[in-house]
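1. Here is a sequence with its predicted model. Questions after.
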Amino acid sequence: MHNQNKTLIYLDHNATTPVDPIAIEVMTRYIHDEFGNPSSAYPLGLNAKEILESARQEIASLIGCESIEVIFTSGGSESNNMALKGLIDFREPRKYHIITSSIEHPSILNPSLYLMELGVRVTILPVDHYGRVSPDDVERAITSGTCLISIMMANNETGTLNPIEEISKIAKAHSIPFHTDAAQAVGKIDVDVNRLSVDLLSIAGHKLYGPKGVGALFIRKGLNITPLIHGAGQEFGKRAGTENIVLAAGLGASCRVAGERLKQDITGIKALRDRLQEMLFHGINGLVLNGHPEARLPNTLNISVPYIEGASILKGLPGLAASTGAACHDRSVKLSHVLSAMNVPPEVGMGTLRLSLGRSNDMKQIEEAASQIIAKVKEMEG
C-alpha cells in the first residue's frame, strides 16, 4: 500500500487532505503522555486543559477571533448541524425561517429538510450558472421570522466563492445571524470572521491537513445557541462531553501551519492549478469549465468532457485520485446536486472531473496528470 501511494497522483484534496507532519508529531506526543481530563483540577488535568486552550487559540488566530468564540466539534457536519439547529426553539418550530442555498453541503441541506418536516420554514435559494448565490435573492427571501442565513463560503465541487461580505451586510442590516460553512475555505484562502462579519463559521479538520473526526464552530460572542449535546458544561456550556485533547491539538497544529504558509500555499498551488487547466484546455477539444473562472479556490479545477463519462476516464487512470460530478446508470445520468443547481446539461455534466490540488503536488505530477487525462480522453474519443 505504501509503495502504491508513492506513485499515486493525489488530486482530491477537497475530499480530504493528508495530515501535516507537525500535527502528527503533536498528536503522537500527546497520545502517549497526556491522558488527563481537562475538567480535572489536579496537575494532569490542568496540563490537558492548557493543551486544549492552546489549540483553541491556534484556531482563533487563523480566523481572527477570540479563543472563547471557538467550540470544538467532531467535524464540519456537526458544526453545520449545531449552527442550523441551535437558534431554533423546537417547541415552536413554525415561528422560524431559515435561508440557505441549493449548492450547500449535505450537512446543511439534509438538516434543513429535517427542520422543514418539523415545521420550520426553509428557503433554498437558486444559484447562477457559476454556482454563486445572489445577495439580492437573499434580501428578497428575508421575512419577519428569519432566524438564520446560512450560505457556504466555498463550494466543495467547483471551488466557487460566494459573496459572503455582501450577504453579511444584508444580514446585519436586518439583525439576522449569518452562518457560513467554511470547511473548504479555511486554510486555503484568507478567512477573517470580522472582515467577513459572520456570526457562525464551520471548520473541518481534515480539509486543512488536520486529523479526521475533529472540527470547530466559531460562535460570535453574545450569540446564544442551544447545544446539540446536553450534559456537563464543557466547551463553555455549548457542547457536552470530555474533549479529545489529541484531536484538538492536531487541529490546532494544522491551523498554525496553515497560517504560517497560507500565502506560500495560495501562490504555489494556484500556479499548479493554472498549469493543469492550461494543459487540459489545450489538449482536449470542447472542454468545459464548471464554476467561476476567477472567484474560486486557488486549488480547485472542475471540468467536463462532454459525452464521455468522467468515471470511465478515471477508471482508466488507476494512478490518479480525483472525483467526478455525476453517476451514470442504465443510460441515465444523475448529476451532483451542485451541477444540477447550476443547470449544467446532462451530456456535459456526465464528463465532470473535480481536480483539487494541495501541498502534496508538484509541477512534475501536475503535468503528468494532465498528459494522462488528455491521452485517456483521446483514446476514448477513438
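-> Structure's in. What do you need? Numbers count the residues shown, from 1 in each chain.
2. Enumerate every residue touching the closest residue in space to residue 118 that isn't next to it in sequence.
-> Nearest residue to residue 118, sequence neighbours excluded (CB to CB, 6 or more residues apart in numbering): residue 93, at 4.6 Å. For every residue, glycine as well, the C-beta is placed using N, CA and C. Listed by CB atoms under 8 Å, 6 or more residues apart in numbering, the contact set of residue 93 reads 115, 118, 119, 120.
3. How about residue 231?
-> 240, 241.
4. Weed out the non-buried ones from the contacts of residue 93.
-> 115, 120 (16 or more other CB atoms under 10 Å).
5. With distance to residue 222 and pLDDT added, can I get the contacts of residue 93 in a markdown table?
-> Formatted as a markdown table, the contacts of residue 93 follow (distance: CB to CB, whole Å; pLDDT from 0 to 100):
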| residue | distance to residue 222 | pLDDT |
| --- | --- | --- |
| 115 | 24 | 97 |
| 118 | 27 | 96 |
| 119 | 28 | 97 |
| 120 | 23 | 98 |
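6. isn't there a strand covering residue 201?
-> Yes: applying DSSP: H, G, I helix; E, B strand; the rest coil, one finds residue 201 inside a strand.
7. I'd say it and residue 195 touch.
-> No: if you go by CB atoms under 8 Å, residue 201 and residue 195 don't touch, sitting 11.9 Å apart.
8. Between these two, which has more neighbouring residues?
-> Shown here are residue 201 and residue 195; by other CB atoms under 10 Å, residue 201 has more neighbours (29 against 12).
9. Can you name the next helix or strand after the strand or helix carrying residue 246?
-> Per DSSP states H and E, residue 246 falls inside helix 245-283. The helix or strand immediately downstream of helix 245-283 is strand 288-289, counting by DSSP H and E.
10. got a list of contacts for that following strand?
-> When contacts are defined by CB under 8 Å, 6+ apart, strand 288-289 is touched by residues 277, 281, 301, 302, 303, 304, 305, 306, 348.
11. Strands of the stretch 101-250 of the chain, start to end?
-> 121-125, 146-150, 178-181, 200-204, 215-219 (DSSP state E, counting those that start in this stretch).
12. quick one on the thing from earlier: please flag which of the contacts of residue 93 sit within helices.
-> 115, 118 (DSSP state H).
13. with the contacts of residue 93 in mind, which one is nearest to residue 267?
-> residue 115 (41.1 Å; CB to CB).
14. Surely that closest one is in contact with residue 122?
-> Yes: the pair residue 115 and residue 122 qualifies as a contact (CB under 8 Å) at a distance of 6.1 Å.
15. residue ranges with poor pLDDT in this structure?
-> Low-confidence segments of the chain, defined by pLDDT under 70: 1-6, 328-332.
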